[in-house]
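1. Mind looking at a prediction? Sequence and model below.
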Amino acid sequence: MKQGRLRVLLGAAPGVGKTYAMLEEGRRLRSEGRDVVVAVVETHGRAATRAMTLGFEIVPRLRVAHRGVDLEELDLDAVLARAPQVALVDELAHTNAPGLAHEKRWRDVETLLDAGIDVISTVNIQHIESLNDVVQQITGVPQRETVPDAVLRDADQIEVVDLAPQALRDRLSAGVVYPAARIDAALSNYFRLGNLTALRELALLWLADEVDSSLQRYRSEHGIGQKWEARERVVVALTGGPEGETLLRRGSRIAARSAGGQLLAVHVTSQDGLRSVDPGALTAQRALVESLGGTFHQVVGSDIPEALVQFARASNATQLVLGVSRRSRLAALVTGAGIGATVIRESGDIDVHIVTHAAAGGRLRMRLPGVGGSLTARRRLLGAAIALVGGPLLTWLLTAFRSEDSITSDVLAYQLLVVVVALVGGIWPALFAALLSGVTLDFFFVDPLYTVTVDEPLHLLALLLYIVIAVLVSIVVDQAARRSRAARRSAAESELIAGVAGEVLRGQDALQAFVTRTREAFGLTGVRVVVGERVLASDGEPVDGPGASDISVDRVAVGERAVLELHGRTLQSSDRRLLGIIVTQLASALENADLEQTAREMAPLAAADRVRTALLAAVGHDLRRPLASATAAVTGLRSSTGILSPTDREELFETAETSLGQLTRLLTDLLDVSRVQAGALAVTLADVDLADVVPAALEELEVGPSAVELDLPAELPAMRADPVLLERVLVNLLANALKHAPSESPVVVAASAFLDGVQIRVIDRGKGVPADRREDIFVPFQRLGDTDNSSGLGLGLALSKGFVEGMGGTLEYEETPGGGSTFVVALRVADGSPTCGGTVTACR
């Protein structure tokens, strides 16, 4: 059977017109003769959307009873039985009622596609799985209904239904999106201009990336190798040298010249992993790439130009940036064309930029093998000594057994001496040994003997070839020895980094892990990281006190403010490379620690800001009704003088008084919660007996024994609480429970002592709270997504949670066994301490 096609309409926020656009497309397909049905459409009470459904065949929905509530869901079996050509399925991320064939609606859509039915569906950007956390950071609202990215990426067509943020707010204000009761809260929370702008950008960027991925797949499937300049992509080749920063900044400027330009940095590592690279510089350049908004890549290849060009083509790059070779003109003349020239020749239609920099090679300077190597002076002197001592000894031994046929073994013996010197002392002692052995062979073993002249031209040629071969052998041996040392050094570096990574994964502090590993790697007596006079991390024996002046101390700057102190032996030059890696990683660890500390400091401020925003939204929501009632009552009294009867006047006065009282209580509650969030709420903690607080709460609510059942143990200990705030908490919780509890089932107030605390439970047998809403019931007036939240639990729970936390306790929700809601207030047992009066912070 032919697979159906999926078309998804993507929106940045509710109300942009996704459902309307879906129905509009359905009408167009019907006019072309296609068989189109409405499988499920959520109009959310919007008249324009409802009008668009007229004329469509609508598949009746499946009614599902869940916890006493009738839910309407997509009837998958009915749509399959109807078998239309096209089905319109709204809200792809919707979670189905328990008991249906699939938990998620997108699973229903997959079933329809498998049946050969084309589907047009809708989804908002906040419901995409990979963007869920990003949207929550932007809006502060968690989303539990998500669609896997793979489902959307497998869609045959994705379109963005776009609407400017201010235009969407205008639609919202006009009542097109939400009813009047929800407009103010929506505009003040989710639909803030900044939120909508960020969500719109997120939707457009996500679609742009998806289009780019589709383009890459198309080029791959059709074998298209040449670049398509759909967007500017700049690849910067990094060697780990000092020119890297210059190249990255130039590449960033090139990418920024066009909208949507991308910056990619690539470093080619040799297949043996032994190419000499400064890891500290490479790490710093990687951080610079990320700060410039680019990405860092590392590829392995034996042929650097080929690897660079292949990476650029695979990335569909339009520009390739390389630095001018650090080799001098003499070196280029001797060794041939460099990487830049080869890349230019192989790049084809990719533009190549060769950028000059301060580290470019000198006019005549040529770096020979071994110059500036890692061998110590002691090793080089030892190699020269072997050449000076071993040469005469070998000559004495060979002359003692000299014959006309021994010239071949003599040459090989001197060749062996050159190899030994190269292994011990490196290239320069080996070159000296090669020249010395050549002269010695001529003087002692080539006729005429004991002269530097040669009778036979063939013998002269052989002698010159020996010297050249000896020089080449010394170079090869020296390079092999250096690579062996580099491999051992790289293994030590990798072991250090891997050890630190393992300890961090096991939960150890990264800074402390680096300090410990540094001391172990260098065999030091002590290592510590200090900032000013403060020690951030240390390991080893104490480095201060008596005898400290006799210990070698090496201090290395870490970042801009920290210092790494190394106590013990003096580090050799060969240790400095590994030390550079450690310092770079320590700087990154310190930066991460600073960011984590900043995040911890900002978290309470962000939480307080979210609560204040929600409370301000609540003001606009709850002020309307009492203010309108009071205004109407006062207006009636003023305009109906002499017409109203005394009874009517009394009712109006009572209405105004009641409304103004509600208004006063609301503003008092809001101000108190704001003070709690700021740590400035006046809280007076004292030893409180629950038996004294519950009756006062019941009296304020004017409820009798038939409505509330009390289960308070006689031996219940006193609690540490503010009696006034605790009474207000119980009033709010009881009012909420009485509102939702069935008339035949009384609300239960139970209490128990547990360890060093007291738990108060307010239990009702109502409908309870859906699992996906339980984390939001303490947030004032949140409106999530496109769903109808008019039955939210309101401000009282948010106030109660703030009051309880202000008293040092917790307020949590639990599901009542058998159905219903249970709110648990946990407070500390009274400890007999004196009354604490002051702010929340002072009393804790």
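-> Done, it's in.

2. just the strands in the stretch 551-700 of the chain please.
-> 552-558, 562-568, 683-688 (DSSP state E, counting those that start in this stretch).

3. Make a markdown table from these and add mean neighbour count and mean pLDDT to it.
-> (C-beta placed from N, C-alpha, C; glycine too.) As requested, those are exported to a markdown table (neighbours: other C-beta atoms under 10 Å; pLDDT from 0 to 100):
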| stretch | mean neighbour count | mean pLDDT |
| --- | --- | --- |
| strand 552-558 | 15 | 79 |
| strand 562-568 | 20 | 83 |
| strand 683-688 | 20 | 83 |
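
4. Could you dump these into a markdown table and include distance to residue 61?
-> Below are those laid out as a markdown table (distance: least, C-beta to C-beta, whole Å):
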| stretch | distance to residue 61 |
| --- | --- |
| strand 552-558 | 64 |
| strand 562-568 | 64 |
| strand 683-688 | 51 |
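
5. looking at those strands, which is closest to residue 73?
-> Relative to residue 73, the nearest member of the strands of the stretch 551-700 of the chain by C-beta to C-beta is strand 683-688, separated by 47.5 Å.

6. Counting by contacts, list what the closest one packs against.
-> For strand 683-688, the contact count by 3 or more C-beta pairs under 8 Å, 6 or more residues apart in numbering; DSSP states H and E identifies strand 719-721, helix 723-740, strand 836-838, helix 840-843 as packing neighbours.

7. one more time with 6 Å
-> Using 3 or more C-beta pairs under 6 Å, 6 or more residues apart in numbering; DSSP states H and E as the contact criterion, the elements in contact with strand 683-688 are strand 719-721, helix 840-843.

8. Sheet partners, orientation included, of it?
-> Take DSSP bridges as the rule and strand 683-688 pairs in its sheet with strand 719-721 (antiparallel), strand 836-838 (antiparallel).

9. The ones you listed: lowest mean pLDDT?
-> Ranked on mean pLDDT, the bottom entry among the strands paired with strand 683-688 is strand 836-838, at a mean of 54.

10. so which helix or strand takes in residue 42?
-> If you go by DSSP states H and E, residue 42 is not part of any helix or strand.

11. Show the model's pLDDT score for it.
-> For residue 42, the predicted pLDDT is 88.

12. burial of it, as a residue count?
-> By the criterion of other C-beta atoms under 10 Å, residue 42 has 16 neighbours.

13. residues in contact with it?
-> Neighbouring residues of residue 42 by C-beta atoms under 6 Å, 6 or more residues apart in numbering: 90-91.

14. low pLDDT regions in the stretch 601-750 of the chain?
-> Counting by pLDDT under 70, the stretch 601-750 of the chain contains low-confidence residues at 604, 606-625, 639-643, 665-666, 669-682.

15. ok, which stretches of it are helices?
-> 624-639, 646-677, 690-701, 723-740 (DSSP state H, counting those that start in this stretch).

16. Quick check: which of these is buried the most?
-> Per-residue neighbour counts averaged over each of the helices of the stretch 601-750 of the chain give the maximum for helix 723-740, namely a mean of 21 (mean count of other C-beta atoms under 10 Å).

17. Identify all contacting residues around that one.
-> 688, 693, 696-697, 700-701, 747, 762, 764, 766, 796, 800, 803-804, 823.

18. returning to what we had before: just send the helices of the stretch 601-750 of the chain back as TSV, with distance to residue 468 too.
-> Putting the helices of the stretch 601-750 of the chain into TSV (distance: least, C-beta to C-beta, whole Å) gives the following:
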stretch	distance to residue 468
helix 624-639	98
helix 646-677	83
helix 690-701	101
helix 723-740	95
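
19. Can you say which of those is nearest to residue 582?
-> Distances from residue 582 to each of those were compared using C-beta to C-beta; the minimum, 43.3 Å, belongs to helix 646-677.

20. Indicate which one of the helices of the stretch 601-750 of the chain is closest to residue 421.
-> When the helices of the stretch 601-750 of the chain are compared for distance to residue 421 using C-beta to C-beta, the nearest one is helix 646-677, at 77.4 Å.

21. Output the lowest mean pLDDT helix or strand found in this structure.
-> Lowest on mean pLDDT, DSSP states H and E among the helices and strands of the chain sits helix 840-843, with a mean of 48.

22. Chain neighbours aside, what residue packs nearest to residue 703?
-> Leaving out its chain neighbours, the residue that sits closest to residue 703 by C-beta to C-beta, 6 or more residues apart in numbering is residue 738, at 6.7 Å.

23. and if you look at residue 46?
-> Taking C-beta to C-beta, 6+ apart, and ignoring the residues beside it in sequence, residue 46 has residue 176 as its nearest neighbour in space, at 6.7 Å.

24. So for the one you found, what's the pLDDT?
-> Value listed for residue 176 in the pLDDT field: 80.

25. what's around it, how many residues?
-> For residue 176, the count of nearby residues is 15 (other C-beta under 10 Å).

26. And for residue 133?
-> The number of residues packed around residue 133, counting by other C-beta under 10 Å, is 11.

27. Distance of it relative to residue 210?
-> Applying C-beta to C-beta, to the nearest Å, one obtains 19 Å for the distance of residue 133 from residue 210.

28. Kindly report the same for residue 253.
-> Following C-beta to C-beta, the distance that separates residue 253 from residue 210 is 28 Å.

29. So those two - more neighbours on which side?
-> Using other C-beta under 10 Å as the criterion, residue 253 and residue 210 rank with residue 210 on top: 16 against 13.

30. which element is that one on?
-> Secondary structure assigned from DSSP H and E places residue 210 in helix 193-221.

31. Show me what the helix or strand that that helix is followed by is packed against.
-> Elements were assigned by DSSP H and E; along the chain past helix 193-221, the next helix or strand is strand 233-238. For strand 233-238, the helices and strands in contact under the criterion 3+ C-beta pairs under 6 Å, 6+ apart are helix 244-256, strand 262-269, strand 319-323.

32. Mean pLDDT and distance to residue 103 added to the ones you listed, as JSON lines?
-> As requested, these are arranged in JSON lines below (pLDDT from 0 to 100; distance: least, C-beta to C-beta, whole Å):
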{"stretch": "helix 244-256", "mean pLDDT": "86", "distance to residue 103": "43"}
{"stretch": "strand 262-269", "mean pLDDT": "87", "distance to residue 103": "38"}
{"stretch": "strand 319-323", "mean pLDDT": "88", "distance to residue 103": "48"}
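
33. So which of the ones you listed is the most surrounded?
-> Ranked by mean neighbour count under mean count of other C-beta under 10 Å, those are led by strand 319-323, which reaches a mean of 24.
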